[in-house]
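Trainee: Prediction below, plus the sequence it came from.
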Amino acid sequence: MAAQLEQSPLTGVAWASSPGAAPFGWTPITSTLEGATANFGKGFGQKSGYVLCITSTAASETSPGDVVADVQILSEKTPLPTGYIYIREFLEPKTSISKKKRICVKLVPLGVAELVVFDIMLSGKSKVVPCYMKIGEISSFAVWCKKGHLLKPKPLPKPRNIGPAMKGLSLETTDLDNKKTEISSEKSLTRIGSKYVSLKRDDSIYDTSNLYGISAMDGVPFALHPRFESSLTTRTNYDYAFVVERTAAARLPPSIC
């Protein structure tokens, strides 16, 4: 069964000697689904009758404690089931209710209720009421009830208790905080300016005395890879002018030459 969104669960079912005898907050069922007068007990020598009444959580001015979880019609010899009670009676002194068939209900606390009764309807014995469950028959009427799962609202989170220490950690800045921020900013700018002036007086903010100092590559001979040697490099390495030979030839006697 789907949860009921619009209707309120019933909190009670009762008999009343007349529609006007029903207390405030109770709704008498005065007619059947077909439109006939729903008056029980009247006829065959009985002058007075009575009507069935219902009330719901919507009619309660205060928070209801119990709701109707089930409705049954018992015969005269059927014992009352455990957890059930007979419905209430709002009768005039001379009015009496037939004990051949009696209506009983089961009440459960609203906080633990799941499957509850939302409505009661009367009809002729041969009538079928959609979405309603037939409880039984009394006099010439069939009694129907509409059940459904109670939709419970989600519990709201409890507000946290904020102590004085947490209240002091507010994100909102006050005028005093703004003034403190401005003063600290001015001091920071003053310090930065004085530092800039002192740095400007010196030659440099970097120490360049060791810019060309000894490194791990000192003493390692540099040589170009043979793949990258050019023709000029080759000519320089292998160019031989025969200066020694020419000098020696110039010193020899002419006869030898």
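Mentor: Received it, and whenever you're ready, just let me know what you need.

Trainee: alpha carbons only for contacts and neighbour counts from here, please
Mentor: OK.

Trainee: For the stretch 1-150 of the chain, which segments count as strands?
Mentor: Along the stretch 1-150 of the chain, counting by DSSP state E, counting those that start in this stretch, strands occupy 3-4, 10-16, 27-29, 51-56, 66-75, 84-86, 88-90, 101-109, 115-124, 133-138, 141-150.

Trainee: Reformat those as CSV; add distance to Met217, mean neighbour count and mean pLDDT.
Mentor: Shown next, in CSV, are the strands of the stretch 1-150 of the chain (distance: least, C-alpha to C-alpha, whole Å; neighbours: other C-alpha atoms under 10 Å; pLDDT from 0 to 100):
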stretch, distance to Met217, mean neighbour count, mean pLDDT
strand 3-4, 85, 15, 47
strand 10-16, 97, 23, 94
strand 27-29, 105, 19, 95
strand 51-56, 97, 23, 94
strand 66-75, 94, 21, 95
strand 84-86, 102, 16, 96
strand 88-90, 109, 16, 91
strand 101-109, 91, 20, 94
strand 115-124, 90, 22, 95
strand 133-138, 100, 17, 94
strand 141-150, 86, 21, 94
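
Trainee: Between those, which one is closest to Ala248.
Mentor: Smallest distance to Ala248 across the strands of the stretch 1-150 of the chain (C-alpha to C-alpha): 125.8 Å, for strand 3-4.

Trainee: on that earlier part again, output the strands of the stretch 1-150 of the chain as JSON lines; include the columns distance to Pro221.
Mentor: Converted to JSON lines, those look like this (distance: least, C-alpha to C-alpha, whole Å):
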{"stretch": "strand 3-4", "distance to Pro221": "92"}
{"stretch": "strand 10-16", "distance to Pro221": "104"}
{"stretch": "strand 27-29", "distance to Pro221": "113"}
{"stretch": "strand 51-56", "distance to Pro221": "104"}
{"stretch": "strand 66-75", "distance to Pro221": "102"}
{"stretch": "strand 84-86", "distance to Pro221": "109"}
{"stretch": "strand 88-90", "distance to Pro221": "116"}
{"stretch": "strand 101-109", "distance to Pro221": "99"}
{"stretch": "strand 115-124", "distance to Pro221": "96"}
{"stretch": "strand 133-138", "distance to Pro221": "106"}
{"stretch": "strand 141-150", "distance to Pro221": "93"}
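
Trainee: Quick one: closest of the ones you listed to Thr247.
Mentor: The minimum distance between Thr247 and the strands of the stretch 1-150 of the chain falls on strand 3-4, with 124.1 Å, by C-alpha to C-alpha.

Trainee: show me what contacts Ile73?
Mentor: Shown in contact with Ile73 (C-alpha atoms under 8 Å, 6 or more residues apart in numbering): 101-104, 135-137.
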